[in-house]
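1. The following block contains a protein sequence and its predicted model.
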There are 2 protein chains.
Amino acid sequence: MDDSILGPLILEAQSKIVLLVLDGLGDLPHPDHEWKTPLEAARTPNLDALAPRAALGRIVPVGPGITPGSGPAHLALFGYDPILSLVGRGVLEALGAGLELAHGDVAARANFCTVDAAGVVTDRRAGRIPSETCAKLVEKLAREIPQLEDVAVLLEAGKGHRFVIVLRGTGLAEGVSDADPHHEGAPVPQAAARAPAAAKTARIVNAFVKRAAEVLKSEHPANAVLMRGISARPKLPGYAERFKLRAAAVAAYPMYRGVAQLAGMSVLPTGETPDDAFATAKSRWADFDFFFIHVKGTDMAGEDGDFAAKVACIESVDRVLPKLLTSAPDVLCVTGDHSTPVPMRGHSWHPVPVMVHGAWCGADRAPRFHETTARAGSLGLLASRDLMGILLANAGRLDKYGA
Amino acid sequence: MDDSILGPLILEAQSKIVLLVLDGLGDLPHPDHEWKTPLEAARTPNLDALAPRAALGRIVPVGPGITPGSGPAHLALFGYDPILSLVGRGVLEALGAGLELAHGDVAARANFCTVDAAGVVTDRRAGRIPSETCAKLVEKLAREIPQLEDVAVLLEAGKGHRFVIVLRGTGLAEGVSDADPHHEGAPVPQAAARAPAAAKTARIVNAFVKRAAEVLKSEHPANAVLMRGISARPKLPGYAERFKLRAAAVAAYPMYRGVAQLAGMSVLPTGETPDDAFATAKSRWADFDFFFIHVKGTDMAGEDGDFAAKVACIESVDRVLPKLLTSAPDVLCVTGDHSTPVPMRGHSWHPVPVMVHGAWCGADRAPRFHETTARAGSLGLLASRDLMGILLANAGRLDKYGA
């Protein structure tokens, strides 16, 4: 539902909601594992104990056949329209690199490249220099170009030839074309503002590209830089404003901490294991109404095509689930942001199983929670962005619509 | 999904997709046949072999409760919004009559009627003259009125009192009211242009109606004509442009060949049997990425209320399915454009079972493919227009959305 519908119905309450996201949870039956999915193959006694008294269903992150990136998939889970709330590539890259973004910041993906004497790009990836070289060059750029006009330049090295730039200052805006020819054999184009509001940003981007080439002119092969996906931190209404929820994010990986921040969640320091995550939630239980808890291992195992590792990660979550349950969340939702099927070794479009447990969720009497039982669940097939409405309702936080 | 979402995600690939449409496939459990549907009652060993390793689901052609005509039902299957892409009645009638339409053509449904001396319509159907009489009168009109101004007049006789007119020339447009009072006791109204662009079309329509009455004045009872559904061939973006697919239509009946043409498919000459259709696809396998194969018999049997005939048609498709499978399509989709339940003897609104088979479809482990197993399938309940997204994704032809 749209915020214009949900907004007026939001109630304050004492109830607590946990959204436990096993990244890339959804999967496909695996031919080498008796046509079971990892969730089917895993031993999950604690989830099994909840399943019969829970509501099951499946969520579609963006739309039928659409494979989502982590950004849109999480925004949808958080109740935002993943199409209207599309976050720029530069912003996602900056969040993923662990850079904090303030309102007004503009971020871009960047990389080192090689240009010839005439300024023509001869290698867009500067011979794929090693990450250590990249880190040294980024350090040099940071030292030499800390600021342009009144704009602070923040840099973070990435893998290989890649790095991230955040521009922080007044009067910045997105709507600037790439300083990247996107193919070799052409010079680095000037970034151009698509609207007057972005004129300063374009000027700063072009100044950075020019200064960087000067700083790097004696380097080889990384003697210039390209910038693309120049984008501003989006102004999304946060959880406090939208849902009257004090929301916390318990996530170890920068990308998810960043997206949660976009939704106005407080990002809590935590460790990498599910046990760490549940301990973190428990330790701050009184301070928040909503806990987004992120587990990365399921997605990584899917990307690696490692069935056993995905099973092991699911089992590791199940094993420590009782720790979370001792806090007695009023609503516990277990799901994924998207599917990362082991046989595909990557994100996919397949709907993701979801389980909602609470006093008013009903009882689907499913023997367990997995892709197959979810198909027959009472929640049916939902858009991910509509899941928040279900969670709010189960938490007694949505008023009646109309008389 | 909207083309604005799908468009930027479309990838080129080597994969081949077959969309096998058994017209009017969906049905209802029949009280005289152990409450089975024709698809349940049919012996389909080849479909059965695919079913366990396929994804099943159901598609809704236009919307809940909406019984579609063949035009919108096929456009939806082809991935067009059947509401926004509504094709005028005149155009559908012309396509169904086997007339080829070029961009700029305007088509209309027409019929003979009876008018009295004062020009008042006394019988809108001219006593339902036999088709042979209609054919003779259409021939006479074609001879006497080959052209009006610079506009060629193409006529095709239909059943009973009905015929089709296609106007071909410069400056034609739709947006012209009917030259038809829609009830008896009134004169034939002048067609009126709803916008200046349609002025010439209205003038030509009125000239035709006037000239036809002169040509027919000594005939009885068919001494005048009515025209309605005056419409232009719509400009739909074709499969090459939308999906980067070289698409072929293998269909024996004019209506389906026509609608496929609207979608920019190459219409291949073929015979009337499923065996002919599969042989045609096989013979042109290298030339196309997407094959729409149409089987008409299921719909005809449904319209006739003939359970045994519908079962026989399904079995005839199943019997020759191995011929299609030897070409090894990467994605095979079997479905219908709409339901034509035997007990109803006509099109209906009931969702249509769909089966998608390919490397990444998953494996629903359904014992067979029919209306009941489809209800529990992993594809869930989809809008027909979203099926193309699923097929493209399964064919590896859709990029990730967002980072």
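-> Everything's here; your move.
2. how about the residues of the stretch 51-200 of chain A that lie near chain B?
-> Residues of the stretch 51-200 of chain A lying near chain B by CB under 8 Å from any CB of the partner chain: A:58, A:62-73, A:82-83, A:86-87, A:89, A:92-93, A:96. Using the backbone N, CA and C atoms, a C-beta is placed for each residue, glycine as well.
3. Could you list which of those belong to helices?
-> A:Ser70, A:Gly71, A:Pro72, A:Ala73, A:Arg89, A:Leu92, A:Glu93, A:Gly96 (DSSP state H).
4. Could you provide those residues in CSV, with additional columns for distance to A:Lys282, pLDDT and neighbour count?
-> Output for these, formatted as CSV (distance: CB to CB, whole Å; pLDDT from 0 to 100; neighbours: other CB atoms under 10 Å in any protein chain shown):
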residue, distance to A:Lys282, pLDDT, neighbour count
A:Ser70, 26, 91, 25
A:Gly71, 28, 92, 28
A:Pro72, 30, 94, 29
A:Ala73, 27, 97, 29
A:Arg89, 36, 84, 19
A:Leu92, 30, 86, 26
A:Glu93, 33, 86, 28
A:Gly96, 28, 82, 21
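5. any chance you could map the strands in chain A?
-> Ranges of strands in chain A, per DSSP state E, are A:17-22, A:55-60, A:106-115, A:121-123, A:147-148, A:151-157, A:162-168, A:224-232, A:247-250, A:266-268, A:290-295, A:331-335, A:352-358, A:380-383.
6. Measure how far stretch A:392-400 is from the centre of its chain, please.
-> Taking the mean of its C-alpha atoms, stretch A:392-400 sits 26 Å from the chain's own mean (CA atoms, centre = their mean, to the nearest Å).
7. Apologies, that question was intended for stretch A:341-361.
-> Remark: stretch A:341-361 is offset 16 Å from the chain centroid, using CA atoms, centre = their mean.
8. Outside of the lowest-mean-pLDDT helix or strand in chain A itself, list whatever touches it.
-> Ranking every helix and strand in chain A by mean pLDDT, DSSP states H and E puts helix A:89-96 at the bottom, with a mean of 87. Here helix A:89-96 makes contact (CB atoms under 8 Å, 6 or more residues apart in numbering or on different chains) with A:69-71, A:101, A:106-109, A:156, A:158, A:164-166, A:228-234, A:254-255, A:257-259, A:261-262, B:402-403.
9. Repeat the analysis, applying 7 Å as the threshold.
-> A:71, A:101, A:107-109, A:164, A:166, A:229-231, A:233, A:254-255, A:258-259, B:403 (CB atoms under 7 Å, 6 or more residues apart in numbering or on different chains).
10. Return the list of helices and strands in contact with the longest helix seen in chain A.
-> Secondary structure of chain A per DSSP H: the longest helix is helix A:307-325. Judged by 3 or more CB pairs under 7 Å, 6 or more residues apart in numbering or on different chains; DSSP states H and E, the packing partners of helix A:307-325 are strand A:17-22, helix A:38-41, helix A:45-50, helix A:274-283, helix A:297-303.
11. How much space separates A:Pro343 from A:Ala222?
-> 38 Å (CB to CB, to the nearest Å).
12. Looking at these two now, which is surrounded by more residues?
-> A:Ala222 (22 against 17; other CB atoms under 10 Å in any protein chain shown).
13. now the residue in chain A that chain B sits nearest to, nearest residue through space, not along the chain?
-> Nearest residue of chain A to chain B, counting by CB to the nearest CB: A:Gly65, 3.0 Å away. Once flanking residues are discounted, A:Gly65 sits nearest to B:Gly389: 3.0 Å by CB to CB, 6 or more residues apart in numbering or on different chains.
14. How about A:Val138?
-> A:Ala157 (4.0 Å).
15. Spell out which parts of the stretch 201-350 of chain A neighbour chain B.
-> A:Met344, A:His347, A:Trp349, A:His350 (CB under 7 Å from any CB of the partner chain).
16. Name the member of those with the most neighbours.
-> A:His350 (28 neighbours).
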